[in-house]
Structure formats: structure tokens, C-alpha cells
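A.B. asks: Sequence below, structure please.
(one chain, ligands or ions: 1)
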Amino acid sequence: MTTRRLVLTRSAAVIGAASSGLLLPQIVRAQSDKVRVGFMLPYTGTFAQLGVAIENGFRMALNEQGGKLGGREVEFFKVDDESNPAKGIENANRLVQRDKVDVLVGTVHSGVQMGIHKVARDSGVLNLIPNAGVHVATRAQCAPNVFRTSFSNSQPTLALGKAMMERGHKKAVWITWNYAAGEEAYEGFEQSYTAAGGTIVKKLGLPFPNVEFQALLTEIASLKPDAVACFFAGGGAAKFLRDYAAAGLNKNIQLYGSGFLTEGVLEAAGPAADGVLTTMHYSDSLDTPRNKKFRLDYAKTFKAQPDVYAVQGYDTGLLLVKGANAVKGDLSNKKALYAAMEGATIDSPRGQWTMSKAHNPIQDMYLRKVENKENKVIGVAQKAVADPATGCKLS
Ligand code: PHB
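C.D. replies: Residues are numbered from 1 along each chain as shown. Coordinates of the predicted model:
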């Protein structure tokens with residue numbers, strides 16, 4: 001229990017004792033407080049839409065429980081992290097120290113996540129990662145109070161190499177933003193593509209969130225690879241798709257990507273995205289009752305189409321609901337709370353997934369193709385993909 005809550009609880013108990021003559025156990029008082037949930041997400045910049053989709057999804061999961069967590073009301077706090085790693089620690093501390101949140105939900109950008117991670121490890125606050133795939137969070141620096149509901153950065157691209165080689169694309173150029181997410185997506189790509197017999201002709205990059213792609217696209221044209229593979233996301237991904245097509249490259253060099261490339265951007269990219277092939281743990285077109293209901297409910301509630309980020313936010317809510325229900329809302333019972341979340345099977349719109357010992361999803365990766373502004377499933381590229389969790393000592 002936080003110091004502030006202790007004080008509040010004690011004063012409430014004193015008033016209660018004075019008026020009723022009874023001293024109720026403090027735990028009852030603590031549980032009648034609202035659960036404090038903090039969102040630390042990007043609400044501005046190239047990842048702004050991702051932050052909104054995650055928050056929407058999370059709220060939807062709680063709304064399905066009458067807005068409660070383990071029977072307790074919920075109070076929300078919000079910080080715009082601007083996808084700015086330099087402010088990561090300061091922003092996380094706003095939620096943890098100033099707002100005294102019980103749970104910190106965040107974030108999208110891997111660099112910012114490292115700031116949250118330090119604060120989560122130092123303070124012990126429960127951190128649910130609804131997107132950022134930075135490896136170390138569920139590898140060498142894994143922690144009992146940190147759970148990821150999304151992916152590790154190399155998970156989607158670990159399923160990409162084989163799919164490319166099966167289509168006869170033997171020589172590829174890789175392009176990305178030069179920061180943790182791009183570098184680690186490359187790791188998965190390099191591993192799977194070279195293992196399948198492919199050759200990486202060149203690795204290209206530019207600083208995050210730069211979108212001046214022209215010089216690099218000219219270089220790709222002169223390298224004449226069979227295919228291009230990439231990691232981009234959000235507004236930058238939409239611009240990359242448009243520029244790739246405007247340069248005429250989409251006509252003869254097949255574009256592949258970690259699936260974020262075509263998430264939440266298909267309206268903005270228009271026909272430029274047609275035919276792009278990606279691997280990802282979700283697809284709009286998954287033909288299951290679970291996914292169809294989710295998509296319908298989300299569209300009704302938010303007047304927008306959900307994407308993978310909305311699903312990840314939703315699953316973050318589902319995971320917390322499972323944990324909170326198991327401890328009847330007493331989130332201070334960390335042992336039981338974490339055990340319930342560790343053992344959870346999440347019945348997600350993406351398909352069922354389980355939590356690895358390192359607290360990262362074990363999940364199927366789909367191969368998808370963009371057709372008429374939709375990510376159409378072609379098949380399962382790889383089943384039950386797990387991050388190697390190298391160096392994680394949780395068991
Ligand atoms: C990340 O920085 O980890 C990141 C950001 C956006 C994505 C995926 C990963 O779509």
C-alpha cells in the first residue's frame with residue numbers, strides 16, 4: 001500500500017470508528033478505494049494513433065466488466081510520452097510518484113519503454129507493456145512486476161524469412177528507423193531469412209522518426225534486390241508506403257515488412273499498400289467469432305476500425321481483469337496477482353495466447369497481404385512463436 005493510501009485509509013478508519021464505533025480492517029478500506037490506472041502513451045507525433053488505439057482497447061476490456069477491476073471502480077491518469085526517450089523516466093515518475101498509480105500501462109516506443117522499465121524495477125509498480133517490443137524487458141532485465149501483452153521486436157520478423165524464400169525472393173534489402181525496435185526487428189529478419197537461404201544485400205536506415213526516404217529509395221532502385229523488407233510504424237509507415245509506390249518500386253520489387261507497416265495506415269496509404277506482404281500476430285480478416293465480435297463492438301464504440309494496437313490494448317485489459325479478479329481487487333496481493341497473470345490464457349481477437357515465463361506472449365504469426373485496404377490472412381506463417389528470453393531468470 002502506498003504511503004498516501006495508508007494515510008487516507010487511516011483517516012477514513014478513524015472517521016468510520018468515530019461514527020460507527022467499529023474499526024474496520026484496513027484492507028476493506030483499501031479495497032474500497034478506486035484502482036489507479038496510469039496510461040503512459042504517445043498522444044502526439046508519429047505514434048499518436050497507436051496510443052489512442054491502445055487506450056480504446058484497454059477501456060473496452062474494462063467496460064465489458066462494468067468498468068471495474070476485481071469489483072473496484074477505476075480511476076485513470078494520462079501522460080503523453082511523445083515517443084521521446086529523453087523524457088521517459090520523468091514521465092513514468094509523474095504517474096508513479098505524483099499520481100500514485102497501482103498499474104502503469106505503457107508504452108509504444110522501445111526507447112521510452114527503457115525509462116518506464118527503470119522506474120518499474122526501482123519502484124516495484126506493476127507495468128503492463130501494451131506494445132513496445134524492446135528485447136531486454138523480457139530477456140536479461142525481465143522482472144516479476146513487468147508483463148508484456150504485445151510481442152518482442154524480433155517475433156514478427158522471425159516468421160518473415162521463410163515466407164520470402166518460399167516466394168522465390170532470394171536477395172533482399174532491409175530498411176528501418178535506427179533505434180531499438182528497428183535493430184531488433186532486423187535481428188529476427190536476419191536470423192529467419194539467412195536460415196532459409198536468403199542473402200541480405202544491404203541494410204539501410206535513418207533516424208527515428210525521420211521520413212525523408214527519397215535518397216534511400218533511389219539506392220534501393222540501383223541495388224535491384226528481389227525484395228525489400230522493413231520495420232516502420234504509424235505515420236512514418238504510411239509515408240513510406242506512399243513514397244515506395246510513388247518511386248515505382250512496388251511494380252517490380254516486392255515489399256515485405258514486420259506487420260506494423262500496414263497497421264492503422266491503410267486509409268492513409270490507399271492503393272500504395274496493395275500487395276504488401278507482412279507477418280504479424282493479428283489480422284483484420286481473421287474469420288473467428290471472437291475477432292468479428294471484437295471488431296463490431298470496437299467500431300460501434302469508437303467509430304473507428306480496430307488494428308493490432310487496439311487488440312494489444314484490449315488484451316492488456318483482459319490480462320489485468322484476470323489478475324484483479326483472482327485477488328478480488330486486492331492488487332497489493334502481488335504474489336497471487338502475478339501468479340494469476342502468469343498462468344493466464346488470453347482469449348484474444350488475435351487467437352488464444354499464453355504468457356511465457358519471461359512475461360511475453362507465445363503466439364501464432366500470420367502471413368498477410370494487403371487487399372483493398374484490408375490485411376487479408378494468407379495463412380499461419382509460424383505457430384506458437386516464443387521469444388528466446390535470453391538471460392531471464394524468472395521461472
Ligand atoms: C517499438 O518502438 O517497440 C515499436 C513501435 C511501434 C511499433 C512496434 C514497435 O509498431
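A.B. asks: quick one: secondary structure of the most centrally placed residue in the chain?
C.D. replies: Nearest residue to the geometric centre of the chain (C-alpha atoms, centre = their mean): residue 131, 1.5 Å. Three-state call for residue 131 (DSSP: H, G, I helix; E, B strand; the rest coil): coil.
A.B. asks: near the ligand, which residues of the stretch 1-150 of the chain?
C.D. replies: Within the stretch 1-150 of the chain, the positions near the ligand by C-beta under 6 Å from any ligand atom are 108, 109, 110, 131, 132, 133, 134. C-beta: built from backbone N, CA, C; applies to glycine.
A.B. asks: The last one: how many residues sit nearby?
C.D. replies: In this case it means residue 134. 24 (other C-beta atoms under 10 Å).
A.B. asks: cool, the fifth one as well?
C.D. replies: A total of 25 residues lie near residue 132 under the criterion other C-beta under 10 Å.
A.B. asks: And residue 195, by the same measure?
C.D. replies: With other C-beta under 10 Å as criterion, residue 195 counts 12.
A.B. asks: What of residue 216?
C.D. replies: For residue 216, using other C-beta under 10 Å, the count is 18.
A.B. asks: Isn't residue 95 up against residue 40?
C.D. replies: Yes. With contact defined as C-beta atoms under 8 Å, residue 95 counts as touching residue 40 (5.8 Å).
A.B. asks: Neighbour count for those two, which is higher?
C.D. replies: The residue with more neighbours, out of residue 95 and residue 40, is residue 40; 28 against 25, by other C-beta under 10 Å.
A.B. asks: Give me the nearest residue to the more buried one, chain neighbours excluded.
C.D. replies: The shortest distance from residue 40 to any non-neighbouring residue, by C-beta to C-beta, 6 or more residues apart in numbering, is to residue 106 (3.2 Å).
A.B. asks: Check the residue nearest to residue 74 when sequence neighbours are not counted and give its pLDDT.
C.D. replies: Using C-beta to C-beta, 6+ apart and skipping residues adjacent in sequence, the residue nearest residue 74 is residue 35, 5.0 Å away. pLDDT, residue 35: 98.
A.B. asks: tell me which strands and helices the helix or strand hosting residue 75 is in contact with?
C.D. replies: Element membership for residue 75, per DSSP states H and E: strand 74-80. Contact partners of strand 74-80 among helices and strands, from 3 or more C-beta pairs under 8 Å, 6 or more residues apart in numbering; DSSP states H and E: strand 35-41, helix 48-63.
A.B. asks: Pull the contacting residues for the closest residue to the ligand within the stretch 1-150 of the chain.
C.D. replies: Nearest residue of the stretch 1-150 of the chain to the ligand, counting by C-beta to the nearest ligand atom: residue 110, 3.5 Å away. Listed by C-beta atoms under 8 Å, 6 or more residues apart in numbering, the contact set of residue 110 reads 132, 133, 134, 153, 179, 180, 181, 184.
A.B. asks: what distance separates the strand holding residue 75 from the middle of the whole chain?
C.D. replies: 18 Å (C-alpha atoms, centre = their mean, to the nearest Å).
A.B. asks: quick one: the helices in the chain?
C.D. replies: 3-20, 26-32, 48-63, 88-93, 110-123, 155-158, 160-166, 180-195, 214-223, 234-246, 266-269, 289-302, 308-326, 334-342 (DSSP state H).
A.B. asks: wait, isn't residue 334 in contact with residue 103?
C.D. replies: No. Assessed by C-beta under 8 Å, residue 334 is found out of contact with residue 103, at 11.7 Å.
A.B. asks: what residues are shared contacts of these two?
C.D. replies: In contact with both residue 334 and residue 103: residue 126, using C-beta under 8 Å, 6+ apart.
A.B. asks: When those two are compared, which one has more neighbours?
C.D. replies: Comparing residue 334 with residue 103 by other C-beta under 10 Å, the one with more neighbours is residue 103, at 22 against 15.
A.B. asks: Surely the more buried one touches residue 320?
C.D. replies: Yes. Under the criterion of C-beta under 8 Å, residue 103 makes contact with residue 320 at 6.5 Å.
A.B. asks: May I have the beta-bridge partners of the closest residue to residue 203 other than its chain neighbours?
C.D. replies: Nearest in space to residue 203, with sequence neighbours left out and distances taken as C-beta to C-beta, 6+ apart, is residue 174 at 4.8 Å. When bridges are called by DSSP bridges, residue 174 pairs up with residue 203, residue 229.
A.B. asks: For residue 174, the count of nearby residues, please.
C.D. replies: Neighbours around residue 174, by other C-beta under 10 Å: 24.
A.B. asks: I'd like to know how far it sits from the ligand.
C.D. replies: Applying C-beta to the nearest ligand atom, to the nearest Å, the value for residue 174 to the ligand is 16 Å.
A.B. asks: can you pull the contacts of that residue?
C.D. replies: 186, 189, 190, 200, 202, 203, 204, 228, 229, 230.
A.B. asks: hmm, which of those are the buried ones?
C.D. replies: Buried subset of the contacts of residue 174 (neighbour count, 16 or more other C-beta atoms under 10 Å): 186, 189, 190, 200, 204, 228, 229, 230.
A.B. asks: Show the model's pLDDT score for the closest residue to the second one other than its chain neighbours.
C.D. replies: This means residue 189. Nearest residue to residue 189, sequence neighbours excluded (C-beta to C-beta, 6+ apart): residue 157, at 4.0 Å. For residue 157, the pLDDT comes out at 98.
A.B. asks: Does residue 157 touch residue 259 like I think?
C.D. replies: No. Under the criterion of C-beta under 8 Å, residue 157 is not in contact with residue 259, lying 9.5 Å apart.
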